[in-house]
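In: model this:
(one chain, ligands or ions: 1)
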Amino acid sequence: MNIGLDSIAFSTSKYFFALENFAAHRGVAFEKYSNGIGQSKMSVFPPNEDIVTIAIDAAQKAVSKIEDASSIDLLIFATESSFDLSKAAGIYVHHFLNLREDCRVMEIKQACYSATAALQLAKAFVHQNPSSKVLVVGSDIVKYSPGSSGEPTQGGAAVAFVISADPRIMIIENGSGVHTNDIMDFWRPVSESEAIFDGKLSAYNYLKSLDISFARYLKKTNRTISDIDYVCFHAPFGKMARKGAQQIRWQKSIDDTLIYNSVIGNSCSASLYICLISLLDNGSDLANSRIGLYSYGSGSVAEYFSGIICEKYKSCITPEENRRILEDRHEISFEEYELFCRNQFPLESDTYENSGTFKLKAIENKRRVYLTA
Ligand code: HMG
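Out: A predicted model of the protein is given here:
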């Protein structure tokens, strides 16, 4: 039985901060960000937008593209920017999408790897339950402390995809290479709102884990690099993905995979799948191509796996709508950027637009209240 992606969509903030402006305020040459890091803009989020509101937006779009939403009986919410240690953020998505009452909901975490963990669990679930569909949402807003080396790589987005039998976009192949090692390269203790990281160690471990997981993938599947047509790499910033390509001696261009990430920034669990959407939207005819996917989550777990693009995938993707999401964003000033970072202005303010149809209206007695925007 073929199992894979039957629909896919993303959402991000209505606001971005241009790295050219950021560089001028931080006294850094813009070329360091454009060429050295490979980024030109980062999505920044007003206080009435959070991982739930963008997740609902992405999930509504992904679910609207499938035939039978009532067959979704598992929702997995993957995130590392969770605001609640008990209640799964996916419960809000389940509520506002009116999914079945007997649909299971859970949240999972392993840094940026979490949506890939969800994808593999979803695939196994559908294998056991062929008539089921699984909604996977990866949603993260990435914040580093002001002035840190990570600050220009902030960003955020949600991606949602439906995993089913007989998929219309991409079949997920059996056989992958996994590598797990205990390392303190990037982490966020429960008391902190911003991640703590060792940038150089994280880049080193990303590449080392790529070497190991890619070699395991090739061995397990009995393939060589020439059996792969395109590769998407987890992209905390574009240059990291390009270094990944160099590491495995990948000769073909990965430009089409990085178009959306370069103006969104790091979206952690969503990032690899934003690369995939970027490739689907901007690549030439990909039908029947094998796509290699490298997922890396600090801490760390890495997995290299692959998929085959379905014959009629073009009728299931929405490149114009996706480009519009990014083109219709508003640029903010440095002063607004600082305000957004502090996240202190009143939630009741309707000054800022939301990505989709829901907004975080208030936090009352530590309860989050979401309403139609
Ligand atoms: P840095 O230390 O400020 O930068 O930040 P740098 O000094 O290493 O310079 C970066 C590049 O710009 C270098 O190129 C410079 O030569 C170049 P490279 O040697 O790498 O090819 N450069 C210039 N180029 C043109 N004109 C100039 C110029 N100046 C310098 N004037 C660092 C880099 C990665 C450390 C930083 O962005 C960081 O700490 N980021 C956060 C951590 C991170 O993203 N790690 C990536 C791997 S870990 C991962 O992917 C997991 C993650 O997504 C989290 C999760 O799993 O949840 C982060």
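
In: Could you report the separation of residue 282 from the ligand?
Out: Counting by C-beta to the nearest ligand atom, to the nearest Å, the gap from residue 282 to the ligand is 22 Å. Backbone N, C-alpha and C define where each C-beta goes, glycine included.

In: can you tell me which residues contact the residue nearest to that residue when sequence neighbours are not counted?
Out: Closest residue to residue 282 apart from its sequence neighbours, by C-beta to C-beta, 6 or more residues apart in numbering: residue 256 at 4.3 Å. Contacts for residue 256 were tallied using C-beta atoms under 8 Å, 6 or more residues apart in numbering; they are 230, 278-279, 282-283.

In: redo that, cut-off 10 Å
Out: The contact partners of residue 256, by C-beta atoms under 10 Å, 6 or more residues apart in numbering, come to 230, 232, 275, 278-284, 286.

In: got it, and residue 134?
Out: Residue 134 is in contact with 3, 6, 71-76, 103-104, 118-119, 121-126, 161-164, counting by C-beta under 10 Å, 6+ apart.

In: let's go with 7 Å and repeat that
Out: When contacts are counted by C-beta atoms under 7 Å, 6 or more residues apart in numbering, residue 134 is found next to 72, 74, 76, 122, 125-126, 163.

In: burial count for residue 42?
Out: When neighbours are defined as other C-beta atoms under 10 Å, residue 42 has 27 of them.

In: What pLDDT does the model give it?
Out: pLDDT, residue 42: 98.

In: May I have the secondary structure class of residue 135?
Out: In the three-state summary, residue 135 is assigned as strand, counting by DSSP: H, G, I helix; E, B strand; the rest coil.

In: Surely it and residue 72 touch.
Out: Yes. In terms of C-beta atoms under 7 Å, residue 135 counts as a neighbour of residue 72; the distance is 5.0 Å.

In: ok so, going back, got a ChimeraX select line for the buried ones in the contacts of residue 256?
Out: Below is the selection syntax for ChimeraX that covers the buried ones among the contacts of residue 256, with 16 or more other C-beta atoms under 10 Å defining burial:
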select :230,232,275,278,279,280,281,282,283,286
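
In: circling back to that earlier point, more neighbours: residue 135 and residue 72, which one.
Out: Using other C-beta under 10 Å as the criterion, residue 135 and residue 72 rank with residue 135 on top: 29 against 22.
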